[in-house]
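> just need the structure, nothing else, for what follows:
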Amino acid sequence: MNDDRTGQIAVIFTSIRNGADAAGYGEAAAAMDALAAAQPGYHGVDSAREADGRGITVSYWADDAAAIAWRDHPEHTAIRERGRALWYDHYSVTVTRVERAYAWTRS
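Below you'll find the predicted structure:
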């Protein structure tokens, strides 16, 4: 497996969920994961969420155009609006280019 993400675009989404409609959120998150994975230029995602609702998701893209196309995808836009209305108390998005990447795995 090649873990080198050098040169990729990382979209860092940090959020605080409010706990509303957990089932609906879970369905939407799974749908967005599948939709993102089908987009040109998608290179993967890492995600974690704490019990208190704080979370971080980092998606990786081949270039700026691919990341912007994902941001502007109509289904993603609709779910983002639903998230603002229902699931999130706060979120922020940071977009950056990966300059170096390292990985280690215990054998």
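
> for the protein, which spans come out with low pLDDT?
1-2 (pLDDT under 70).

> name the residues of stretch 57-64 that are buried.
T57, V58, S59, Y60, W61 (16 or more other Cβ atoms under 10 Å). Quick note: C-beta positions are derived from backbone N, CA and C, even for glycine.

> a markdown table for these, including secondary structure and distance to A23?
Rendered in a markdown table, the data for those read as follows (DSSP: H, G, I helix; E, B strand; the rest coil; distance: Cβ to Cβ, whole Å):
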| residue | secondary structure | distance to A23 |
| --- | --- | --- |
| T57 | strand | 19 |
| V58 | strand | 25 |
| S59 | strand | 23 |
| Y60 | strand | 28 |
| W61 | strand | 29 |
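
> which one of these sits closest to I12?
V58 (5.1 Å; Cβ to Cβ).

> contacts only, for that closest one.
Residues counted as contacts of V58 (Cβ atoms under 8 Å, 6 or more residues apart in numbering) are A10, V11, I12, F13, V45, D46, S47.

> tell me how many other residues surround the nearest residue to D3 once chain neighbours are set aside.
In space, and not counting its chain neighbours, D3 is closest to A103: 3.7 Å by Cβ to Cβ, 6 or more residues apart in numbering. Neighbour count of A103, defined by other Cβ atoms under 10 Å: 9.

> how close does A103 sit to A69?
27 Å (Cβ to Cβ, to the nearest Å).

> again, but for I79
As for I79, its distance to A69 is 15 Å (criterion: Cβ to Cβ).

> check R106 too.
37 Å.

> neighbour count: those two, which is higher?
A69 (16 against 3).

> show me which residues of the helix or strand hosting the more buried one are buried.
Assessed by DSSP states H and E, A69 sits inside helix 64-72. By neighbour count with 16+ other Cβ under 10 Å, helix 64-72 contains the buried residues A66, A67, A69, W70.

> tell me what the helix or strand just after that helix is packed against?
Using DSSP H and E, the next helix or strand after helix 64-72 towards the C-terminus is helix 74-82. Applying 3 or more Cβ pairs under 8 Å, 6 or more residues apart in numbering; DSSP states H and E, one finds that helix 74-82 contacts helix 22-37.
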